[in-house]
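In: Here is a sequence together with a model predicted from it:
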Amino acid sequence: MTTKVNMNKVIPDSGTLRERIFFGLYALYEVCYYLFGVSSINSFFNTSKLTLSVNLLVIIGLTFFVVTNKYTFNQIVLVSISILLGLYAFFIIKLNVLLMGVMFMAAAKNVNLNRFIKKDFYLRTILLSMIILANRIGWIPSRTGLREGKLFTIVRDTLGFGQFNITGALIMICVLEYVYLNFGRLTSWSYQVIALVVVLTLVLTNSRGSMLAVILYVLASWATQYHLKKFKVFALRLAVYSKYIFILFTLISTITVALFNYGSAAWRTINYVTSDRVNILNQYFHQFGIPLLPQVVKDYRSAGIIVMDNIYVTLAIQYGVLILIMFVIYYYILCNNALFKGNIEFIILVITLMVFGMIESTFFIPGINFTVMMVFANLTPQKEHKLRSEL
């Protein structure tokens with residue numbers, strides 16, 4: 001029995017038992033992440049012990065997959081080093097996000113990408129809708145804040161989550177997954193609904209980086225749909241070089257932050273466009289440097305939070321050179337495997353998220369960016385797609 005999805009793609013209903021168990025562990029992590037990790041439900045009671053217990057249970061389950069998966073020698077080396085670095089980061093920084101990411105990555109070997117995204121889209125949409133609805137009817141609180149501009153001031157609302165850009169990122173990934181599943185075949189109604197979501201998200205949360213990513217990916221789908229001949233040449237060329245984009249963005253980000261000079265009018269203009277991101281990151285760079293291994297990074301100006309809105313610089317300063325190199329390797333392998341399979345629309349999705357990582361640091365959280373888990377997954381593309389008709 002099969003289930004038909006838009007784009008003439010055929011996906012088996014549920015996959016193997018092993019794959020269903022994997023997604024069950026992922027769903028448990030995701031539910032805990034949404035409800036007790038990043039929503040305002042955690043303002044009613046301390047959810048840290050609950051989330052720690054759930055994550056520990058998930059890690060135990062993922063360990064079964066890791067020890068029973070069949071890896072090549074190179075994969076064994078990569079997985080072993082990644083898990084050791086994840087454990088080190090957990091004990092030094094007291095954050096398990098990296099460890100969770102590498103465990104999911106190692107466990108997801110041969111997981112069907114398209115089937116995973118379809119299930120994940122439904123799961124995320126339900127969780128996101130529940131929290132926003134609960135907030136709108138007054139069951140859970142919002143946080144509000146002001147973003148002052150030269151022309152006007154915007155009142156930002158978290159819509160039931162703990163931080164404005166987290167809300168934007170969670171909305172973003174739902175839309176990106178939907179567009180991926182219907183890439184190049186979105187209906188006019190779909191475009192209108194997505195445009196409405198983007199406008200409402202910008203008005204309510206003013207999360208600009210996440211909506212930029214949505215706009216870029218939707219434009220890629222639109223170009224495929226209506227200007228295939230022109231876009232196809234660009235998309236295929238971009239896909240060929242995609243494996244180098246992570247390291248390119250890393251170099252651009254770190255060099256920019258290291259060279260930043262507030263005394264220069266040109267640098268101040270760049271800093272203004274990036275909402276003071278470059279200046280803040282430059283201060284972190286001079287205070288903490290770029291270590292080899294993870295280090296404890298203090299809150300920004302006693303604000304109670306670490307403010308480093310660039311994943312490449314965050315990995316460099318907080319997690320160190322070795323872990324940054326591991327991510328370069330992950331995304332080299334991921335893009336290379338996707339290109340080998342001819343999954344161009346997935347490569348474009350990954351590049352879109354890399355652009356998002358230039359202005360946000362939530363890129364490496366598996367609860368937001370599932371692509372970090374797909375390094376060893378089955379990246380078989382959607383069937384009968386126009387972008388691959390001449391590959």
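Out: Perfect, I can see it now. Numbers count the residues shown, from 1 in each chain.
In: distance of residue 158 from residue 145?
Out: Shown here: residue 158 relative to residue 145, a distance of 8 Å by C-beta to C-beta, to the nearest Å. Every residue, glycine included, has its C-beta placed from N, CA and C.
In: To clarify, my last question referred to residue 381.
Out: 41 Å.
In: thinking again about what came up before, so residue 158 and residue 145 - more neighbours on which side?
Out: residue 158 (26 against 12; other C-beta atoms under 10 Å).
In: got a list of what that one touches?
Out: Counting by C-beta atoms under 8 Å, 6 or more residues apart in numbering, residue 158 touches 40, 142-144, 164, 166-167, 205.
In: Quick check: phi and psi on it?
Out: phi -80, psi -10 (degrees, to the nearest 10).
In: Give me the distance between it and residue 29.
Out: For residue 158 relative to residue 29 (C-beta to C-beta), the value is 22 Å.
In: again, but for residue 353
Out: 19 Å.
In: if I pick the closest residue to residue 244 other than its chain neighbours, what's in contact with it?
Out: Spatially, and ignoring its direct neighbours in sequence, residue 244 is nearest to residue 332 (7.6 Å; C-beta to C-beta, 6 or more residues apart in numbering). Applying C-beta under 8 Å, 6+ apart to residue 332 gives the contacts 243-244, 246-247.
In: In three-state terms, label residue 332 for me.
Out: helix (DSSP: H, G, I helix; E, B strand; the rest coil).
In: Can you check the pLDDT for it?
Out: You'll see residue 332 listed with a pLDDT of 97.
In: The one 5 residues further on too?
Out: On the pLDDT scale, residue 337 is placed at 96.
In: For the closest residue in space to it that isn't next to it in sequence, give me its contacts.
Out: Take residue 337 and drop its neighbours on the chain: the residue closest to it by C-beta to C-beta, 6+ apart is residue 379, 5.4 Å away. Listed by C-beta under 8 Å, 6+ apart, the contact partners of residue 379 are 113, 334, 337-338, 341, 343, 346.
In: if you look at those, which of them are in strands?
Out: Among the contacts of residue 379, none falls in strands (DSSP state E).
In: Of these, select the buried ones using a ChimeraX command.
Out: Buried residues among these (16 or more other C-beta atoms under 10 Å), as a ChimeraX selection:
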select :113,334,337,338,341,343,346
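In: For the contacts of residue 379, give me TSV that also has distance to residue 211.
Out: Formatted as TSV, the contacts of residue 379 follow (distance: C-beta to C-beta, whole Å):
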residue	distance to residue 211
113	25
334	24
337	29
338	25
341	29
343	25
346	21
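In: Just give me the closest of the contacts of residue 379 to residue 91.
Out: Nearest to residue 91 among the contacts of residue 379, counting by C-beta to C-beta, is residue 334 at 27.2 Å.
In: Quick one: low-confidence residue ranges for the stretch 201-350 of the chain.
Out: Applying pLDDT under 70 to the stretch 201-350 of the chain picks out residues 300-307.
In: rerun that using 90 as the cut-off
Out: Counting by pLDDT under 90, the stretch 201-350 of the chain contains low-confidence ranges at 225-233, 261-277, 279-280, 297-309.
In: can you map out the helices along it?
Out: 208-226, 228-241, 245-259, 265-273, 277-288, 311-314, 320-341, 344-357 (DSSP state H, counting those that start in this stretch).
In: Could you dump those into TSV with distance to residue 153 added?
Out: Shown next, in TSV, are the helices of the stretch 201-350 of the chain (distance: least, C-beta to C-beta, whole Å):
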stretch	distance to residue 153
helix 208-226	15
helix 228-241	38
helix 245-259	28
helix 265-273	16
helix 277-288	20
helix 311-314	28
helix 320-341	37
helix 344-357	25
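In: Nearest to residue 198, out of those?
Out: Among the helices of the stretch 201-350 of the chain, helix 208-226 sits nearest to residue 198 (C-beta to C-beta), with 5.0 Å.
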